[in-house]
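> Got a sequence here, can you model it:
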Amino acid sequence: MTVEFSLAPELARDCIELADWPLCKVLLMNDSQYPWFILVPRKANLKEIIDLSESEQVLLMQESAKLSRLLKKVLNPDKLNVAALGNMVPQLHIHHIARYKTDVAWPAPVWGKYPAVPYSEEQLARLKAYF
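Purely as a prediction, here's the structure:
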């Protein structure tokens with residue numbers, strides 16, 4: 001019996017789905033204080049990058065680079081934070097956060113710093129246009 005991919009409940013609750021790329025689902029954290037995107041490989045039971053095949057690892061890095069280049073070009077951040085953490089949500093996912101020296105949490109990490117401020121429909125429409 002094959003286990004189907006499903007998005008971790010925390011990611012489904014906190015994020016907006018933007019696109020499906022060849023390997024990953026592209027998500028947007030619903031917090032307009034930080035342009036915060038997440039790549040989630042659409043494979044069941046993954047916790048670590050090394051749980052992917054070698055070819056899938058390469059594809060993940062290519063998709064991460066694609067997203068990073070897009071964020072750099074479109075959003076022009078002061079710094080891109082890219083990380084695969086999993087202490088709270090064990091499902092493999094890669095954070096891509098565009099950081100600015102003017103954002104409310106700079107230079108501290110964004111996790112739990114301030115309550116989320118959801119995107120407006122207009123803000124979402126602008127971001128979705130790139131995907």
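> Am I right that C24 is in contact with V40?
Yes: with contact defined as C-beta atoms under 8 Å, C24 counts as touching V40 (5.8 Å). All C-beta atoms are positioned from the backbone trio N, CA, C, and that covers glycine.
> Common neighbours of those two, please.
The overlap between the contact sets of C24 and V40 (C-beta atoms under 8 Å, 6 or more residues apart in numbering) consists of I94.
> Now the residue nearest to S64 when sequence neighbours are not counted: phi and psi?
Among residues not flanking S64 along the chain, I94 sits closest, at 5.7 Å (C-beta to C-beta, 6 or more residues apart in numbering). The phi/psi pair for I94 (degrees, to the nearest 10) reads phi -120, psi 120.
> Also K113?
Dihedral pair for K113: phi -70, psi -50, per degrees, to the nearest 10.
> Over to L80?
The phi/psi pair for L80 (degrees, to the nearest 10) reads phi -100, psi 120.
> Quick check: it vs A19, distance?
Separation of L80 from A19 (C-beta to C-beta, to the nearest Å): 19 Å.
> Tell me where the model's unsure across this structure.
Residues of the chain meeting the criterion pLDDT under 70: 1-2.
> which stretches of it form helices?
9-14, 54-75, 121-128 (DSSP state H).
> related to what we said a few turns ago, neighbour count: L80 and A19, which is higher?
Using other C-beta atoms under 10 Å as the criterion, L80 and A19 rank with L80 on top: 16 against 13.
> pretty sure that one is touching S68, no?
Yes: at 5.6 Å, L80 counts as touching S68 under the criterion of C-beta under 8 Å.
> any idea how far the residue positioned nearest the centre of the chain is from P107?
The centroid of the chain falls nearest to I38 when counting by C-alpha atoms, centre = their mean (0.9 Å). Distance of I38 to P107, computed by C-beta to C-beta: 21 Å.
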